[in-house]
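Asks: Mind looking at a prediction? Sequence and model below.
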Amino acid sequence: KKPEHFPPGPTWWPIVGSALVVAQLRKKLGGYLYLASAHLAEEYGPVVGLRVGKDRQVICFGYDAIKEMLTKEEFDGRPQGPFYETRTWGTRKGLLLTDEDFWQEQRRFVLRHLREFGFGRRTMAELVEAESEQLVAGFKKKLAGFESSGKVMDMADAFGVNVLNTLWMMMASIRYSPEDKELKKLQNLLTELFASIDMTGALFSQFPLLIHIAPKLSGYKQFMSIHQRVWAFLKAELDRHKETFQKDDPRDLMDVYLQMLNSEERKSSFSELQLLAVCMDMFMAGSETTSKSLGFGFLYMLLYPEVQAKAREEIDRVVGRDRLPTLNDRPNMPYVESIVYESVRVFMGRTFSIPHRALKSTTLQGYNIPKDTMLIANFNGVLMNKQFWGDPEVFRPDRFIDKEGKVVVPDYYLPFGYGKHRCLGQTLARSNIFLFTASLLQNFEFMIPPGEAPPDTSGIDGVTPSPGPYRALVRCRK
Ligand code: HEM
């Protein structure tokens with residue numbers, strides 16, 4: 001039964017709730033969940049109440065509702081249920097989908113130590129600069145013999161390996177070559193996983209009975225099989241780390257975590273499984289988000305060559321052509337910095353935040369929200385809102401630059417969230433996107449291959465949207 005004064009929304013039918021209405025809308029709107037939710041917001045208002053199987057869900061679409069949801073402490077829980085437990089050996093672990101004291105203790109520890117191994121200014125600059133050098137070298141290798149005529153390349157995931165490397169270096173001091181089979185395996189697993197679920201969960205999380213009666217159809221079998229392979233990958237690395245671990249000389253996050261596990265100050269939230277879950281969450285949260293922002297950014301830059309030209313003018317003026325850009329150049333490169341903001345906007349404007357949960361019964365925008373309701377922000381309502389941006393479908397980095405030529409980021413720019421659960425990888429993500437974009441534009445030109453149609457911007461839905469496969473004619477700059 002609908003709780004009293006719950007946010008408005010479609011009828012709740014027995015067992016399925018509003019699931020069929022959402023599924024039908026989604027189908028009608030090309031398979032995009034964020035569009036189905038936008039449609040519901042048009043009909044019912046900026047806060048929509050749903051029931052999907054066992055889950056009571058509230059989807060926030062308006063800016064005020066999203067801000068209240070992300071900043072009110074009563075909403076700082078993360079959802080519970082089989083979906084959130086099976087991914088980490090039957091109990092909720094990790095950073096992404098945990099809450100209360102356990103999560104706070106772990107988030108604090110990881111943030112503090114990542115500063116030593118990558119979030120601190122110097123070490124992060126070294127990591128990202130080394131990786132952008134590799135990225136440029138990789139493109140040059142592929143272009144060997146075709147420097148001036150150029151070569152048509154697949155672009156949608158041209159950055160995945162380098163992004164994973166920056167994460168894996170911080171966590172386990174490992175850098176892979178783009179051809180490495182192990183890395184490709186991990187990358188494919190992450191892509192497979194992200195395509196098979198969405199931010200509101202999966203069929204088996206809303207209808208847990210399906211785990212037993214239809215494990216394959218409900219997605220449970222595939223979900224488990226992907227996770228088992230990710231666990232095995234991480235566990236193999238943890239075993240290697242344990243063999244070479246020296247207690248006074250930590251090399252990376254895995255080592256400081258092992259140090260903590262062996263120390264007398266060890267608190268109950270620390271365990272070997274939790275270490276594996278943290279690594280898994282960093283991959284899940286950090287790799288696809290960053291590389292897809294780059295993927296969308298370069299797709300749009302094929303459609304807007306004038307953005308490339310303007311960026312190159314800035315790069316040549318500030319950096320020149322004799323060395324690669326560095327993070328120290330960033331304060332002098334507002335235009336490329338704005339390309340970063342714009343790339344993340346067009347990517348996150350097609351999806352949701354990570355779900356929250358009401359820790360106690362409370363209100364949101366005046367509506368009653370009972371304890372344990374799941375809350376989800378549809379960023380499309382803000383990042384693609386005409387009232388805020390005027391022309392949200394246009395790729396226009398200038399929107400972030402004021403009259404004095406400085407970067408200004410409005411309060412309603414929220415792709416990394418707000419509040420206590422806000423993204424802890426924002427600095428790394430923005431640094432990666434900045435340097436990868438600047439280094440590639442400094443060295444290469446990207447064009448729609450002659451005779452091919454311009455790439456489609458709608459993307460492919462999943463837990464986060466991917467740019468569809470697209471190709472570019474890449475040429476070394478003269
Ligand atoms: C363009 C890239 C990225 C975007 C758009 C992004 C966005 C977000 C968003 C919207 C949240 C949820 C906030 C909330 O629930 O209130 C989040 C959380 C998180 N992100 Fe990111 N993220 C990105 C990159 C990264 C990277 C590179 C890392 C790791 C190094 C990372 C690690 C995390 C973690 C661990 C959380 C969970 C934080 C918590 O619940 O306390 N993210 N991110």
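Replies: Everything's here; your move.
Asks: Check the gap between residue 349 and the ligand for me.
Replies: Using C-beta to the nearest ligand atom, to the nearest Å, residue 349 is found at 11 Å from the ligand. Yep, even glycine has a C-beta here, placed from its N, CA and C like the rest.
Asks: Just give the number of residues close to the nearest residue in space to that residue that is not next to it in sequence.
Replies: Closest residue to residue 349 apart from its sequence neighbours, by C-beta to C-beta, 6 or more residues apart in numbering: residue 383 at 3.5 Å. When counting by other C-beta atoms under 10 Å, one arrives at 22 neighbours for residue 383.
Asks: isn't residue 383 right up against residue 348?
Replies: Yes - Residue 383 is within contact range of residue 348, at 5.8 Å (criterion: C-beta atoms under 8 Å).
Asks: Identify the contacts common to these two.
Replies: residue 415 (C-beta atoms under 8 Å, 6 or more residues apart in numbering).
Asks: Show me how far stretch 130-137 is from its chain's centre.
Replies: Offset of stretch 130-137 from its chain centre (C-alpha atoms, centre = their mean, to the nearest Å): 22 Å.
Asks: which parts of that stretch are buried?
Replies: 131-132, 134-136 (16 or more other C-beta atoms under 10 Å).
Asks: Mind listing residues that contact the helix or strand harbouring residue 310?
Replies: Assigned by DSSP states H and E, residue 310 belongs to helix 305-318. Applying C-beta under 8 Å, 6+ apart, the contact partners of helix 305-318 are 300-301, 325, 329, 332-336, 339, 395, 397, 437-438, 441-442, 445-447, 477.
Asks: Just the CA trace of it, in CSV.
Replies: Only the C-alpha atoms of helix 305-318 are listed here, as CSV (Å, rounded to 0.1, in the frame of the first residue of the first chain):
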residue,chain,number,x,y,z
PRO,A,305,35.6,20.7,-34.8
GLU,A,306,35.6,24.4,-33.7
VAL,A,307,36.0,23.2,-30.1
GLN,A,308,39.1,21.2,-31.1
ALA,A,309,40.5,24.3,-32.9
LYS,A,310,40.0,26.6,-30.0
ALA,A,311,41.5,24.1,-27.6
ARG,A,312,44.6,23.7,-29.9
GLU,A,313,45.0,27.5,-30.0
GLU,A,314,45.2,27.5,-26.2
ILE,A,315,47.4,24.4,-26.0
ASP,A,316,49.9,25.9,-28.5
ARG,A,317,50.0,29.3,-26.8
VAL,A,318,50.4,27.9,-23.2
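Asks: count of neighbours near residue 393?
Replies: By the criterion of other C-beta under 10 Å, residue 393 has 11 neighbours.
Asks: Secondary structure class of it, three-state.
Replies: Three-state assignment for residue 393 (DSSP: H, G, I helix; E, B strand; the rest coil): coil.
Asks: isn't it right up against residue 384?
Replies: Yes - between residue 393 and residue 384 there is a contact at 7.4 Å, judged by C-beta under 8 Å.
Asks: from the buried residues of stretch 130-137, which ones fall inside helices?
Replies: Residues of those located in helices (DSSP state H): 131-132, 134-136.
Asks: Closest one of those to the ligand?
Replies: Minimum separation from the ligand among these (C-beta to the nearest ligand atom) is found for residue 131, which lies at 12.7 Å.
Asks: follow-up on the earlier one: could you check how far the residue nearest to residue 349 is from residue 171?
Replies: Noted for residue 383: a distance of 29 Å to residue 171, by C-beta to C-beta, to the nearest Å.
Asks: Quickly find the element holding the residue lying closest to residue 446 once chain neighbours are set aside.
Replies: Of all residues not flanking residue 446 in the chain, residue 472 sits nearest, at 4.6 Å (C-beta to C-beta, 6+ apart). Using DSSP H and E, residue 472 falls within strand 471-476.
Asks: which residues touch that strand?
Replies: Residues contacting strand 471-476 (C-beta under 8 Å, 6+ apart): 139-140, 142-143, 147-155, 298, 302, 443-450, 452, 455.
Asks: can we see that at 10 Å?
Replies: Residues from elsewhere that reach strand 471-476, judged by C-beta atoms under 10 Å, 6 or more residues apart in numbering: 139-140, 142-143, 146-156, 158, 298-299, 301-302, 440, 443-450, 452, 455.
Asks: next one: stretch 364-371
Replies: 3-8, 45-47, 49, 56, 58, 60, 62, 64-65, 68-69, 72, 74-75, 77, 357-363, 373, 375.
Asks: Show me which residues of it are buried.
Replies: So, applying 16+ other C-beta under 10 Å, buried residues of stretch 364-371: 364-365, 367, 369.
Asks: Run a quick neighbour tally on residue 352.
Replies: Residue 352: 21 neighbours (other C-beta under 10 Å).
Asks: Please apply the same query to residue 405.
Replies: Count around residue 405 with other C-beta under 10 Å applied: 8.
Asks: Using CSV, write out every CA atom in the strand holding residue 472.
Replies: Only the C-alpha atoms of strand 471-476 are listed here, as CSV (Å, rounded to 0.1, in the frame of the first residue of the first chain):
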residue,chain,number,x,y,z
ARG,A,471,35.2,5.9,-35.5
ALA,A,472,37.4,8.9,-36.2
LEU,A,473,39.9,9.7,-38.8
VAL,A,474,43.0,10.4,-36.7
ARG,A,475,45.9,12.4,-38.2
CYS,A,476,49.1,13.6,-36.7
